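give me a 3D structure for the following:
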Amino acid sequence: MQFNCHKNLLQKAIQLTEKGTSTKSTLPILSNLLFDLKDNKLTISSTNMEISIEKEILVNGIEDGSVLIHAKTISNIINKLPAAEVSIKVLENGTIEIKSKDINFNIHGLPPEEFPSIQKIQEGEPIVISKDKIKELIKQTIISVSIDESKNVLNGVLLEISDNFIKGVSTDGFRLSFKEYEFNNQNNSNIKIIIPTKALLELQGILSDIDSKDINLFYTSENISFVCEDFYLSTRIIKGQYPEYNQVIPNESKIKLTINKKDFTFAMERCAIIASMANTSTNIIKIELVDNKLLIKASTADVGNASEIVTVDDNINNEKVEISLNVRLIIEALKTIESEKISFMLIDSLKPVIISPIDNTTTSKFLYVIMPIRTGKKA
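Below you'll find the predicted structure:
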């Protein structure tokens, strides 16, 4: 195998596919990238047996062939080369010769036959989804995924497609994220799939480097893949029954407030300084609504206390309520919302709170549900 291409093009492709390698596996072969050249098309592949990634780039192909190259080694070498043309050649003894200007490397390669076969999932008609919308869905749901491995079905995001809507749902038992948007469901697809967190995190980072406006989605009972012109990512799905999340989302709210997101975020972050210093992971703050003002309070023994007042735009019925919440969960939600103002919806001190963008519509909406903390202590 032999080809030439610009360093920047190769560097980007390696960085993308390197995300699919494994350094902790009992199979050392999974720490390698598969380089496969046919004509002028170079395909770089990686897999850790859970996630598989492929990236195609156009190069100046001189001799077709395949080779396995240690991912970390080739990545470090290419990163340190100047922004110029790079030549890669596999010699007869399996050595990989890398040249750029007056720089020469000779590293060991492995036979491509040792690499696990990647079974492509691209059968049937794809579900076409907007790249930007799936990025937003991941961003707003990934924060609520559970890290408790004993609850396997909660270790990913539930992706639901039915009628002309895509829904993403995640929960860790303390909060729940719900994202829904309308799209053109040309195939009348109807699916419910739980996608692992790691795959979505990799996809989230990769989508920012992809030029395509749309992503094609293929799925089976075992796997799901995301495909565009020169990129492929597949992952195993999580098997199991996802909880009935609709039972957690309140159907109505007694109190609906409109709050400036920036002011509310800063107030939360200031009170979090005190709340986070407690010897628990609950990060408790108390929010008290009186007239058109929210009084936010935090207190930690042996540290001190903090309080701040945030003005709300409306409290039509002049309702009063006091509720205890985990401030970290509030801040994480606010960071995923782009609109200048948010809706903050309550029922009473023992019912879940809903945070959402003020510009939610029937065609695109995001709901973030936070469970209250029961405590009799005064902040």
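
pull the longest helix from this structure.
Among the segments of the chain that qualify as a helix by DSSP state H, the longest is helix 261-275.

can you show me the CA trace of it as CSV?
The C-alpha coordinates for helix 261-275 follow below in CSV (Å, rounded to 0.1, in the frame of the first residue of the first chain):
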residue,chain,number,x,y,z
LYS,A,261,-31.9,32.4,31.8
LYS,A,262,-28.6,34.2,32.2
ASP,A,263,-29.6,35.8,35.5
PHE,A,264,-31.0,32.5,36.8
THR,A,265,-27.8,30.6,35.8
PHE,A,266,-25.5,33.1,37.5
ALA,A,267,-27.6,33.0,40.7
MET,A,268,-27.5,29.2,40.7
GLU,A,269,-23.8,29.1,40.2
ARG,A,270,-23.2,31.5,43.1
CYS,A,271,-25.4,29.5,45.5
ALA,A,272,-23.8,26.3,44.3
ILE,A,273,-20.5,27.5,45.8
ILE,A,274,-22.0,27.0,49.3
ALA,A,275,-24.3,24.1,48.4
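
can you give me the helices for the stretch 251-379 of the chain?
261-275, 327-334 (DSSP state H, counting those that start in this stretch).

roughly how far does Glu340 sit from Asn260?
According to Cβ to Cβ, to the nearest Å, Glu340 stands 7 Å off from Asn260. Quick note: C-beta positions are derived from backbone N, CA and C, even for glycine.

tell me which of these two has more neighbours.
Neighbour totals were compared for Glu340 and Asn260, and Asn260 leads with 17 against 11 (other Cβ atoms under 10 Å).

care to break the chain down by domain?
2-114, 127-246, 250-370 (automatic domain parsing).

tell me the mean pLDDT for the second one?
Averaged across domain 127-246, pLDDT comes to 94.

just the longest one next, same as before
Across domain 250-370, the average pLDDT comes to 91.

before we move on, what about the first one?
Summarised as a single mean, pLDDT over domain 2-114 is 95.

that one: end-to-end distance?
20 Å (Cα to Cα, to the nearest Å).

now that domain, how far from the centre of its chain.
Put simply, domain 2-114 sits 26 Å off its chain's centre (Cα atoms, centre = their mean, to the nearest Å).

check stretch 360-370 too.
Its chain's C-alpha centre and that of stretch 360-370 lie 18 Å apart, by Cα atoms, centre = their mean.

contacts for the longest helix of the chain, please.
283-285, 296-300, 303-308, 310-311, 327-328, 330-331, 334-335, 337, 339-342, 344 (Cβ atoms under 8 Å, 6 or more residues apart in numbering).

mark which of the residues you listed are buried, thanks.
For these, a burial check counting by 16 or more other Cβ atoms under 10 Å picks out 283-285, 296-300, 306-308, 310, 327-328, 330-331, 334, 337, 341-342, 344.

hmm, back to that, report the angle between the longest helix of the chain and helix 327-334.
Relative orientation of helix 261-275 versus helix 327-334 (axes from the mean of the first three to the mean of the last three Cα atoms, to 10 degrees): 160 degrees.

helix 261-275: how far from the chain's middle?
On Cα atoms, centre = their mean, the centre of helix 261-275 falls 24 Å from that of its chain.

start to end distance for stretch 17-31?
End to end - Cα to Cα - stretch 17-31 spans 11 Å.

just the residues contacting it, thanks.
For stretch 17-31, contacts defined as Cβ under 8 Å, 6+ apart pick out 32-33, 44-49, 51-55, 68, 70-72, 75, 110, 114-116, 202, 205-206, 233.

and the most centrally placed residue in the chain, how far is that from Lys89?
Closest to where the C-alpha atoms of the chain average out (Cα atoms, centre = their mean) is Leu201, at 3.7 Å. Look at Leu201 and Lys89: by Cβ to Cβ, they are 35 Å apart.

my read is the residue nearest to the centre of the chain is in a helix, agree?
Yes - Leu201 sits within a helix when classified using DSSP: H, G, I helix; E, B strand; the rest coil.

how far away is it from Ile142?
7 Å.

again with Ala298
Ala298 is 27 Å from Ile142, by Cβ to Cβ.

try Thr73
Taking Cβ to Cβ, one finds Thr73 at 31 Å from Ile142.

circling back: most packed of the helices of the stretch 251-379 of the chain?
helix 327-334 (a mean of 21; mean count of other Cβ atoms under 10 Å).

hey, C-alpha coordinates of it in PDB?
Taking Å, rounded to 0.1, in the frame of the first residue of the first chain, the C-alpha atoms of helix 327-334 are listed here in PDB:
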ATOM      1  CA  VAL A 327     -28.500  22.900  42.200                       C
ATOM      2  CA  ARG A 328     -26.100  21.000  40.000                       C
ATOM      3  CA  LEU A 329     -29.000  19.400  38.100                       C
ATOM      4  CA  ILE A 330     -30.500  22.800  37.500                       C
ATOM      5  CA  ILE A 331     -27.200  24.300  36.200                       C
ATOM      6  CA  GLU A 332     -26.600  21.300  33.800                       C
ATOM      7  CA  ALA A 333     -30.100  21.800  32.300                       C
ATOM      8  CA  LEU A 334     -29.600  25.600  31.800                       C
END
